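In: could you work out the structure for the sequence below:
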Amino acid sequence: MNKFLRKGFIQVFIGISLCFIAPVIVSQAFNNQDHPFFVIVLIIGAILLLLAIFYGYRGIVNILNGTLGPKNKLN
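Out: Predicted coordinates:
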């Protein structure tokens, strides 16, 4: 298997996993707004949401590079 494909599939898997984990953490933070760690848990959930988007995008880019070849540069 091409190294771009393997890396892409791993990144997409991480992104999908974070897509399930991060909303649960954010919703638990909002359910416990009176808890002293509310802000910390909410920030961690927001960071995980952003990482889910990032890993999903990078994984798709790597899968496309693995199947279609890297983007050719003019110079």
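In: what's near enough to touch the most centrally placed residue in the chain?
Out: With distances taken as Cα atoms, centre = their mean, Ala52 lies nearest the centre of the chain, 2.0 Å away. For Ala52, the contact set (Cβ atoms under 8 Å, 6 or more residues apart in numbering) comprises Gly15, Leu18, Cys19, Ala22. For the C-beta atoms, the positions are set from N, CA and C on the backbone; glycine is no exception.
In: buried subset of these as a PyMOL selection?
Out: The PyMOL selection below is limited to those of these classed as buried (16 or more other Cβ atoms under 10 Å):
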select buried, resi 15+18+22
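In: give me the next element, helix or strand, following the one helix or strand Phe20 maps to.
Out: Using DSSP states H and E, Phe20 sits in helix 3-31. Going down the chain from helix 3-31, the next helix or strand is helix 38-68, by DSSP H and E.
In: report the angle between that following helix and helix 3-31.
Out: For helix 38-68 against helix 3-31, the angle by axes from the mean of the first three to the mean of the last three Cα atoms, to 10 degrees is 160 degrees.
In: so how far is helix 38-68 off the chain centroid?
Out: When distances are taken as Cα atoms, centre = their mean, to the nearest Å, helix 38-68 is centred 2 Å away from the chain's centroid.
In: which strands and helices sit next to the helix holding Phe20?
Out: helix 38-68 (3 or more Cβ pairs under 8 Å, 6 or more residues apart in numbering; DSSP states H and E).
In: for the record, mean pLDDT for the helix it packs on?
Out: If you average the pLDDT over helix 38-68, you get 94.
In: just use 28 as the starting number from now, easier for me
Out: Right, with 28 as the first residue, what we last looked at is helix 65-95.
In: tell me which residues of it come out buried.
Out: Counting neighbours by 16+ other Cβ under 10 Å, helix 65-95 gives 68-69, 72, 75-76, 79, 82-83, 85-86, 89-90, 92-93 as buried.
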